[in-house]
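K.L.:
3D model of this:
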Amino acid sequence: MPFIYDKLFNQLKEKGISTYQLRQNGVSPTIINKLVHGNNVNTSTLEYFCRLLNCQPGDIMEYIPDNPDNQ
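P.N.:
Residues are numbered from 1 along each chain as shown. Below is the predicted model of the structure:
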């Protein structure tokens, strides 16, 4: 899982936005689960969070290679 979304969850917490509120606004539990586990999500999901948080993709996610020796 090369992507981690800890930055996203930190920003959501800072702004007082819960996963319950996200679900109430159309973010599916499947998407939230993918983010929690570092799985791939589509760019429209990333766009939604960038708009919500007024930020850039690098502000909500980080790329960490599975095998750093194989770059």
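
K.L.:
Low-confidence regions, the chain specifically.
P.N.:
Applying pLDDT under 70 to the chain flags residues 1, 68-71.

K.L.:
for it, what's the longest helix?
P.N.:
Longest helix in the chain by number of residues (criterion: DSSP state H): helix 43-53.

K.L.:
Can you give me the buried ones in it?
P.N.:
Thr45, Leu46, Tyr48, Phe49, Cys50, Leu52, Leu53 (16 or more other CB atoms under 10 Å). Just so you know, the C-beta spots here come from the backbone N, C-alpha and C atoms, and that holds for glycine as well.

K.L.:
Same question for stretch 5-25.
P.N.:
Within stretch 5-25, the residues that count as buried by 16+ other CB under 10 Å are Tyr5, Lys7, Leu8, Phe9, Gln11, Leu12, Ile17, Leu22.

K.L.:
right, and the pair among those residues with maximum separation?
P.N.:
Lys7 and Leu22 (15.7 Å; CB to CB).

K.L.:
residues in contact with the next helix or strand after the longest helix of the chain?
P.N.:
Under the assignment DSSP states H and E, the closest C-terminal helix or strand after helix 43-53 is strand 62-63. Applying CB atoms under 8 Å, 6 or more residues apart in numbering, the contact partners of strand 62-63 are Pro2, Phe3, Ile4, Asp6, Lys7.

K.L.:
Tell me which entries of those lie within helices.
P.N.:
Using DSSP H, those in helices are Asp6, Lys7.
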